[in-house]
Every structure is written in C-alpha cells, then in structure tokens.
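K.L.:
this one's structure only:
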C-alpha cells in the first residue's frame, strides 16, 4: 500500500507494507480520512502519537470498506462500510481499526462525511456531555465554533437543549452556524463578554481564554480541548473560588483503547441514528484527493474553514 | 448582648441589640466559636460577608445552647446543645442559626470541639467527597495539613480508604498527623514531588500549587479551597490536557442557605456518629476566652497551629 508518511517534518505519499489485522482489528480500504489540527502538530513534531499506532502515518479518523478481519473480529465482515476513531495511521490506502472503535456508516451518509464524523463528534460529545455535564437549558459558549469540533459541538449542544452561543471570527460563517443550531453567534471579542455561561467549550486558547473564565457563572465549568492560539494563562484562583468554578482539560487521542471504545459505543447508540436521519451533519469545508494532502494540511493550518477538511481516495 | 465587632479593621467586644429568631432560626447562647482564616480576611476588609448575616460580626461556626426558637423551628427546642454553620455573626454572646444548618452536639463532645467542628469538617467533606469524588485507594495530597481544614481532611480521607499524603511545614507536627490517619507526612517541598496524586486538596496556594499540578495523575483533580500564600498562578493548559486533569475551586461561606443545609444534613448523617464515637476528632491548637479575641486572631494569622483556634464563653 501507500501511506501519507511524515519524514523530517514533510509529508510524502510513500510505499509501505500492507498492515495485517490481528485480534479484533479490521483492515479498511480507506475511502476518506479527516485532517485535524492534531495531525498538523504531529507533522511539526509537537505531538508524538501513542505507541500502538504507526508512528509516521497521521490521521485520527477514517471511513472505508472492510477488506480483511482479524481472527477475533465479530461485529463486521469483509465488504462492510465502516468508520473508525484511531490514534494515528488513518491517512493511508489501508488502515487498521479495532472493531471496538468502529461504527457502521449509515447508508444515507457519503464517504466524505463519514471520514470526518468520528473525531469531531467524539470530541464534542465527550467534552460537552462527559466532561461538561451539559443539559437542558444550560448556557454554553462554543469557541472556535466554525471548526470541525465546533460545528459538531453546536449540534450536540443544541440537541441536548442547551442555550448555545457560538463564537467565530469570520462573520461570513455566522448564518451557517445559526442554521446548525446556535441561538446566537458572535465574534470572539463580543462572545467573551456576553456571559454568564454555565459551560465554556474552549477550542482556541490564547488571550480570550482568560476572558471566558471571567464569564463563568456559579458552578460554571470550562472544558479545554484546544489551545492552538496559546496554552499559557495567568490564572487568579480567587475568581474560580468565588464562582465554585472548574477548569477541566482533555484530549482524545492519547486515551487507551477501552476508553475510546466506551465513547464510540455511546456515539453509536446516541448520535448515529441522528446522523443517519439528517438531524446531525458533518459540515465539510473542502475535500482533497489524497495526492493533494499537503494542500489539505495547509488549509487546516491557515484556519478559517467552516467544518472539516477531508482527504478522499478511490472512486 | 455583646459581640465581637469589626470597626476600621479592629476588633472590639461591643454592645449590640439582641437578635430575634425569625422563621426556622434558633437563637443560641454561644459557648464556643472557631476562628478561621476567612475571619481574618474579613477583618482586614478583603472578604466581604454574604448579605444575610451581620456585616460587622465575624464567625462562621459556633456551638451553644438554644435560648429561643423561631416560629417555624421544628427540630430543636430551648435548652438543646447545638452546633451551627453560618455566614457570619458567630463570635457574639448570642447568635442566630437557621435550624437547617444546625446539628445536635453529641453528649461526648465538649464545647470547644463542637465550636470548631462545623466549618472545618464541612469544608473538608465537601471538597474531598463532593468536589473531589475521593474514594477507596485513591492517592490524595492534603496541603496545609496541620490546619483546621487539613486535620479534618486527613481524617475524612483516611476514613474513606484513600492513601493520604499530608504536607505540613512544621516537622514537630508530623507525628500527630500520622496519628490522625495520614499514611505519610512530608514537608511541602518533598510532598510536591512525591506524586502522582489522584486528588490534591489545595489549602495553601502560592508557588507550590503549580508543582502540585505537575504531580496530578491521569484524570487527576485539584480542589482549591485556600490560597492564602498566593492566588495567582501561571498555568500551562497542555499539562492538564495530557492528563485529562481538572482544577476545581470552591468556597463555603458564600453559598446559599439551601446548599449549606444539604451539606450539613450529610455531615449529620455521615460524620456526626463518627464524631460522637471518637473516630473523628477536632484537634485544638488553643482556646481563648472571647475577651482575648485579638490574641486568638493573631494566633491564626501567624499560622503554624496544629488544628483549630476556638473562642470560649461562659463557664
């Protein structure tokens, strides 16, 4: 097979040995794989992958057809359309996915959407519901709302009945974010003063983050998932104490398989039917053939996309 | 009556009108009232009291005899020995306590211990169990372990089966902290490198706090209750993200009555029997007659006490 490989901070489409599925792994003929900010960090050498995935092939989510199954795989068979959440290795012709972190692709869903679903929705669901305890009527601020996780988070938050404020730099995206379910959309400087919020989903980091902390209500909680704009803050703890507030931080990629499996099972039960019926969707900023992967990475690096950037293969 | 009153940053024992119990309030003839660091902050003008208590009489916990009951009080009667958790006003001859935040004083317990029980144990229980989710086998660091909340926290944490590391500056107190249930006692510079910890109860603040964050394990949590040594930190959020860790901050005094009532009910059910039987105790650093309140406040301000400083009245 060929795979997108990282060599000295560059990406090449290089020949690699075909992977062999062991245990409960599935071997997928990859049709679509999302490109996420974490992939860029990995290419730049800032985010080493977990030890159980190919160290030099990026890609955290994918969709494709099962071409071979490991001896312990029970849930899927050759030919099934599957999407998966992995710690790396997705951006290749063939990729291994343990069936515990795989879901069937609903027949209504095309490859591009399937390839961009898992990472964004798993992250958003886990952050908002798992870490944030978001529920009916709670006031939530979604920062970086136009991105892959942001657009997923708006839909999950609106779905659970929360009052959703979306913060997005580009005003030309605001109408679309309202359509996804946000109750109000603001530029960051405005949203960071429009609390109180019961929950802030922080996907951006940097100087705005401290303003967002100042907008937490009593028992408010900030869930920190992305800090691309800056990871260091000066924190006055008395501000949190007075509000009995919390800062919770998380990442998805580094978790052990059994934790990812638990999350993927939940997505399968709770979100997959909504994806199939069209109540949830995967906004796509742009797709690229895998041969143009460097352009896709540049696009993610430049930011300012509405939704996901996805690599496609095959016909 | 007379009450300890704050005037221009000074404390005086001054005449005041007798309070009158309304609704479900009890009027207590105060026998003992703990002096807490929060009282010092209030005297210095740094910690304004909640609006529903006397603004210039400090004191967050007390024990005494019921001398009058409000028209809606049902649980206690005149003559009962009662201890209470209040937002202020405890350091007086007479004080009002809503019966929802009052507990009976077990017959085995003397006034001094009863007067120092509520604030420390409510804070410790709420922080460790409520906010921290502490349970069997979890590794917990209690900072400022020799103080009132610290000595309560050691006992609660050991009681729930956690592995307790106590951090205390004064080595002459270490043996006593082991006796209270700590599994190991260290000076702060040592404890701040002896993780990982599943939970850090931060009662001190200042420069050590950042080291403690660095010792959190996966899914670790820091509960910030006291920051007397410094409330500002420089925080690298990626450190929290990699561990999926959280910082939770809280205060007890500012909460609404119904939240304090829920906590006091829990203390009554879960800790009171253990206090009565001697499995929990209130270490007393020193007691002072109320006429010597300024000396008691100096003692709290100087720090380096093992356990509580309590004011006593009557014979």
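P.N.:
Arrived safely, thanks for sending. The shown structure was predicted, so the numbers you read here are calculated from the model rather than taken from an experiment.
K.L.:
residue contacts, the residue of the stretch 1-150 of chain A found nearest chain B?
P.N.:
Per Cβ to the nearest Cβ, the residue of the stretch 1-150 of chain A with the smallest distance to chain B is residue A:131, at 8.2 Å. The way it works is simple: take the backbone N, C-alpha and C, and place the C-beta from them, glycine included. Counting by Cβ atoms under 8 Å, 6 or more residues apart in numbering or on different chains, residue A:131 touches A:221, A:223, A:248, A:250.
K.L.:
which secondary structure elements does the helix or strand where residue A:141 lies contact?
P.N.:
When elements are assigned from DSSP states H and E, residue A:141 belongs to strand A:139-142. The contact analysis (3 or more Cβ pairs under 8 Å, 6 or more residues apart in numbering or on different chains; DSSP states H and E) places strand A:139-142 against helix A:148-159, strand A:163-167, strand A:197-202.
K.L.:
Paired strands for the shortest one, with orientation please.
P.N.:
Going back to what we said before, that points to strand A:163-167. Using DSSP bridges, strand A:163-167 pairs in its sheet with strand A:139-142 (parallel), strand A:184-186 (parallel).
K.L.:
Next: the last one.
P.N.:
Strand A:197-202 has its sheet partners listed here by DSSP bridges as strand A:139-142 (parallel), strand A:216-224 (parallel).
K.L.:
Please convert the ones you listed to CSV, extending it with mean pLDDT.
P.N.:
Conversion of the strands paired with strand A:197-202 to CSV gives the following (pLDDT from 0 to 100):
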stretch, mean pLDDT
strand A:139-142, 98
strand A:216-224, 97
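K.L.:
Just the pLDDT for the residue most central in space within chain A.
P.N.:
The residue lying closest to the centre of chain A (Cα atoms, centre = their mean) is residue A:120, at 2.3 Å. Note for residue A:120: predicted pLDDT of 97.
K.L.:
Could you do residue A:114 as well?
P.N.:
Listed pLDDT for residue A:114 reads 98.
K.L.:
near chain B, which residues of the stretch 201-315 of chain A?
P.N.:
Taking Cβ under 8 Å from any Cβ of the partner chain, the part of the stretch 201-315 of chain A that reaches chain B is made up of A:205, A:209, A:224-225, A:227, A:231-238, A:240-251, A:254-255.
K.L.:
6 Å instead?
P.N.:
Contact residues (Cβ under 6 Å from any Cβ of the partner chain) of the stretch 201-315 of chain A with chain B: A:224, A:227, A:231-238, A:240-241, A:244, A:246-251.
K.L.:
Strands - which of those land there?
P.N.:
Members of those lying in strands (criterion: DSSP state E): A:224, A:232-236, A:246-249.
K.L.:
mind checking how far the closest residue to residue A:135 other than its chain neighbours is from residue A:74?
P.N.:
Leaving out its chain neighbours, the residue that sits closest to residue A:135 by Cβ to Cβ, 6 or more residues apart in numbering or on different chains is residue A:160, at 6.0 Å. Computed as Cβ to Cβ, to the nearest Å, the residue A:160 to residue A:74 distance reads 32 Å.
K.L.:
Let me see the domain layout of chain A.
P.N.:
Domain assignment for chain A by automatic domain parsing gives A:2-117+A:253-312, A:120-249.
K.L.:
Pick the most buried one from those.
P.N.:
Mean neighbour count (mean count of other Cβ atoms under 10 Å in any protein chain shown) peaks for domain A:120-249 among these, with a mean of 21.
K.L.:
okay, how far is it across it, tip to tip?
P.N.:
Its first and final residues considered, domain A:120-249 spans 16 Å by Cα to Cα, to the nearest Å.
K.L.:
close enough to count as contact, residue A:102 and residue A:82?
P.N.:
Yes: Residue A:102 is within contact range of residue A:82, at 4.8 Å (criterion: Cβ atoms under 6 Å).
K.L.:
which regions of chain A lie under the pLDDT threshold?
P.N.:
Where chain A drops to pLDDT under 70, the residues are A:315.
K.L.:
Grab the longest helix from it for me.
P.N.:
The longest helix of chain A (DSSP state H) is helix A:257-270.
K.L.:
ok, residues contacting it?
P.N.:
Helix A:257-270 is touched from outside by A:85, A:100-101, A:103, A:122, A:126, with contacts defined as Cβ atoms under 6 Å, 6 or more residues apart in numbering or on different chains.
K.L.:
ok and that helix relative to strand B:216-224, angle-wise?
P.N.:
The directions of helix A:257-270 and strand B:216-224 differ by 70 degrees, with axes from the mean of the first three to the mean of the last three Cα atoms, to 10 degrees as the criterion.
K.L.:
Could you look up the next helix or strand downstream of helix A:257-270?
P.N.:
Scanning forward in sequence from helix A:257-270 by DSSP H and E, the next helix or strand is helix A:272-277.
K.L.:
for residue A:237, what are its contacts?
P.N.:
By Cβ under 6 Å, 6+ apart, the contact list for residue A:237 reads B:224, B:227, B:231, B:249.
K.L.:
Can you tell me which of those is nearest chain A?
P.N.:
When the contacts of residue A:237 are compared against chain A (criterion: Cβ to the nearest Cβ), the nearest one is residue B:249, at 3.5 Å.
K.L.:
ok, that closest one touching residue A:241?
P.N.:
Yes: taking Cβ under 6 Å as the definition, residue B:249 is a contact partner of residue A:241 at 4.3 Å.
K.L.:
Identify the contacts common to those two.
P.N.:
In contact with both residue B:249 and residue A:241: no residue, using Cβ under 6 Å, 6+ apart.
K.L.:
ok, which stretches of the stretch 1-150 of chain A are strands?
P.N.:
Per DSSP state E, counting those that start in this stretch, the stretch 1-150 of chain A carries strands over the ranges A:2-7, A:10-15, A:25-35, A:61-69, A:81-85, A:94-98, A:102-104, A:139-142.
K.L.:
Same list (the ones you listed) but as JSON lines, adding distance to residue B:200.
P.N.:
JSON lines is the format used below for the strands of the stretch 1-150 of chain A (distance: least, Cβ to Cβ, whole Å):
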{"stretch": "strand A:2-7", "distance to residue B:200": "37"}
{"stretch": "strand A:10-15", "distance to residue B:200": "41"}
{"stretch": "strand A:25-35", "distance to residue B:200": "37"}
{"stretch": "strand A:61-69", "distance to residue B:200": "34"}
{"stretch": "strand A:81-85", "distance to residue B:200": "31"}
{"stretch": "strand A:94-98", "distance to residue B:200": "34"}
{"stretch": "strand A:102-104", "distance to residue B:200": "38"}
{"stretch": "strand A:139-142", "distance to residue B:200": "28"}
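K.L.:
of the ones you listed, which approaches residue B:4 most closely?
P.N.:
Closest to residue B:4 of these, according to Cβ to Cβ: strand A:139-142, at 41.3 Å.
K.L.:
Report the distance from that closest one to the chain centre.
P.N.:
18 Å (Cα atoms, centre = their mean, to the nearest Å).
K.L.:
now what about it, what contacts it?
P.N.:
With Cβ under 6 Å, 6+ apart, strand A:139-142 has contacts from A:134, A:150, A:153-154, A:157, A:162-166, A:197-201.
K.L.:
Then stretch A:274-281?
P.N.:
Identification of contacts with stretch A:274-281 by Cβ under 6 Å, 6+ apart yields A:106, A:108, A:155.
K.L.:
Now the second one: closest residue in space that isn't a chain neighbour?
P.N.:
Meaning residue A:108. Nearest non-adjacent residue to residue A:108, counting by Cβ to Cβ, 6+ apart: residue A:276, 5.5 Å away.
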